[in-house]
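> would you be able to build a 3D model of this:
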Amino acid sequence: MSKLDTLLQTWNSKQPFPEQLQSRLDRKFTLEFNYNSNHIEGNQLTYGQTEILLLFGKVVSEANIRDLEEMKSHDVALKLMISEAKEVDKPLTEVFIRQLHQVMFREDYEEHRTLPDGSTYSFTVHVGRYKTRHNSVRTKTGELFEYASPEETPGLMYDLVKWYNEEVEKGVLSPIELAALFHYRYIRIHPFEDGNGRVSRLLMNFILLRHNYPMIVVRHKDKDRYLGALGKSDANVDPRPSFGAQASISQITPFFDYIEKTMEKEIEDNLSFIDEAAENVWWFNGEFIKFRSENTRKILNLLTEHPGITVRELVDEVGINKSAIQKQLQNLQKHEYIIRTKGRRGSWHVAIVCTTEKGGTK
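Numbers count the residues shown, from 1 in each chain. This next block holds a predicted model:
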């Protein structure tokens, strides 16, 4: 049995999860997927800003309007994908793929790009519609990497969706092979004028969820490895888009290996998240955070239970002086583990997620 099979067996043996635990896992995935998938594409919202925006619809600190709208729409697209994936008897359709794109971007917009020589150009992105212009790119070495032409795209997308639905019926490829190969073929087509990376990651998770696999997060800090795995796979596939759109699983081994490792880590992290028995263990944007001070845990729990609590009340509850409380709060704010939603007199929001109901204690 492979490492992934063993992890999946362990993961499945623990389900169904209690409602409160499932809620924390859902919140964890929603924040991390939205934050990371958008950051890979250049969104500048911080993790804390993303959490406040998606959970409460509020904006803290200065933020670009487009980044805010983009994050909110991406979350709606994620919810749509999850809902559709649970309709297991429905086949995947091009209509749904175009709907995802339309929900994510809402309305046509102008995109401005800068060429390597410094010149700029702009074009209109048509939401929910396949591209009407070439969107090939220059590689770091200056070579032109071609995606499907506007004329080729409708036929190749028809073939991609037809192939996927047929493969599901055959049951030869494993769900993770199917998800990785669909992602790769889709990217080689690049059917929309913008947003293809985000749509591909949504569709990959659509396939995983539909087959009862955990969804995965491709992290922004892992962007180079992610793109590198795609690039190494490109080297094994004919550069012509029509051939890339029909790549085999054996040709994309580097990318499949990357996705498999990402899935393994996702399950390992989630198992640690639900099983961690050490005190003072929390989770924040892909990492376990362990606090040395018992007072830090007390403060986080108090802020969680009483968002309007004052510094004076924290002093009384924790049993340390005002200066120590303020220092703790400043440090937690510095790392965005806590956020004050309305300035100095506003309520506290704890962005860091406890691994168990009471901040890492069983």
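
> C-terminal to the lowest-mean-pLDDT helix or strand in the chain, what's the next element?
Least confident element among the helices and strands of the chain, by mean pLDDT, DSSP states H and E: strand 137-138 (a mean of 74). For strand 137-138, the following helix or strand on the C-terminal side (DSSP states H and E) is strand 144-145.

> partner strands of that following strand and their direction?
strand 137-138 (antiparallel) (DSSP bridges).

> now the strands: where do they sit in the protein?
Using DSSP state E, the strands of the chain run over 109-114, 120-125, 137-138, 144-145, 281-284, 287-290, 338-344, 348-350, 353-354.

> which residues does the residue nearest to K131 when sequence neighbours are not counted contact?
Leaving aside its sequence neighbours, K131 sits nearest to E193 (Cβ to Cβ, 6 or more residues apart in numbering; 4.6 Å). Every residue, glycine included, has its C-beta placed from N, CA and C. Residues in contact with E193, defined by Cβ atoms under 8 Å, 6 or more residues apart in numbering, are 111, 123-126, 131-133, 135.

> what's the closest of the residues you listed to F29?
Nearest to F29 among these: V125, at 27.7 Å, using Cβ to Cβ.

> hey, where'd the helices end up in the stretch 1-150 of the chain?
Along the stretch 1-150 of the chain, counting by DSSP state H, counting those that start in this stretch, helices occupy 3-13, 19-40, 47-56, 65-85, 94-105.

> dump these into JSON lines; add mean pLDDT, mean neighbour count and distance to K265 as well.
Shown next, in JSON lines, are the helices of the stretch 1-150 of the chain (pLDDT from 0 to 100; neighbours: other Cβ atoms under 10 Å; distance: least, Cβ to Cβ, whole Å):
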{"stretch": "helix 3-13", "mean pLDDT": "96", "mean neighbour count": "13", "distance to K265": "10"}
{"stretch": "helix 19-40", "mean pLDDT": "93", "mean neighbour count": "18", "distance to K265": "12"}
{"stretch": "helix 47-56", "mean pLDDT": "90", "mean neighbour count": "21", "distance to K265": "18"}
{"stretch": "helix 65-85", "mean pLDDT": "97", "mean neighbour count": "17", "distance to K265": "20"}
{"stretch": "helix 94-105", "mean pLDDT": "97", "mean neighbour count": "19", "distance to K265": "26"}
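
> quick one, which of these is nearest to L230?
Taking the helices of the stretch 1-150 of the chain one by one with Cβ to Cβ, helix 19-40 is closest: 12.1 Å.

> picking that back up, out of the helices of the stretch 1-150 of the chain, flag the one nearest S250.
helix 3-13 (18.1 Å).

> pretty sure F255 contacts L230?
Yes. Using Cβ atoms under 8 Å, F255 makes contact with L230 at a distance of 5.6 Å.

> neighbour count winner among those two?
F255 (25 against 19; other Cβ atoms under 10 Å).

> need the contact list for that one.
Taking Cβ under 8 Å, 6+ apart, we find F255 in contact with 180, 183-184, 229-230, 232-233.

> thinking again about what came up before, which of the contacts of E193 are buried? Put it as a PyMOL command.
Burial among the contacts of E193 is assessed by 16 or more other Cβ atoms under 10 Å; the matching PyMOL selection reads:
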select buried, resi 125+126+131+135
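
> could I get the contacts of E193 as a markdown table with distance to M157?
Below are those laid out as a markdown table (distance: Cβ to Cβ, whole Å):
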| residue | distance to M157 |
| --- | --- |
| E111 | 21 |
| F123 | 20 |
| T124 | 20 |
| V125 | 17 |
| H126 | 15 |
| K131 | 11 |
| T132 | 14 |
| R133 | 16 |
| N135 | 14 |
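
> closest one of the contacts of E193 to D222?
N135 (24.2 Å).

> what sits closest to Q328 if chain neighbours are left out?
I299 (5.6 Å).

> isn't the one you found right up against I325?
Yes. Taking Cβ under 8 Å as the definition, I299 is a contact partner of I325 at 7.3 Å.

> hey, where'd the helices end up in the stretch 201-350 of the chain?
223-234, 241-244, 253-275, 294-305, 311-318, 322-334.

> tell me what the second one is packed against?
Helices and strands in packing contact with helix 241-244 are listed as helix 175-189; criterion 3 or more Cβ pairs under 8 Å, 6 or more residues apart in numbering; DSSP states H and E.

> can I get the helix it packs on in PDB, CA atoms only?
The C-alpha coordinates for helix 175-189 follow below in PDB (Å, rounded to 0.1, in the frame of the first residue of the first chain):
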ATOM      1  CA  PRO A 175      -9.000  10.200  -8.800                       C
ATOM      2  CA  ILE A 176      -5.700  11.900  -8.200                       C
ATOM      3  CA  GLU A 177      -4.400  10.900 -11.700                       C
ATOM      4  CA  LEU A 178      -7.600  12.200 -13.200                       C
ATOM      5  CA  ALA A 179      -7.400  15.500 -11.300                       C
ATOM      6  CA  ALA A 180      -3.700  16.100 -12.200                       C
ATOM      7  CA  LEU A 181      -4.200  15.200 -15.900                       C
ATOM      8  CA  PHE A 182      -7.300  17.300 -16.300                       C
ATOM      9  CA  HIS A 183      -5.500  20.300 -14.700                       C
ATOM     10  CA  TYR A 184      -2.500  19.800 -17.100                       C
ATOM     11  CA  ARG A 185      -4.600  19.400 -20.200                       C
ATOM     12  CA  TYR A 186      -6.800  22.400 -19.300                       C
ATOM     13  CA  ILE A 187      -3.800  24.600 -18.700                       C
ATOM     14  CA  ARG A 188      -2.400  23.600 -22.100                       C
ATOM     15  CA  ILE A 189      -5.600  24.900 -23.700                       C
END
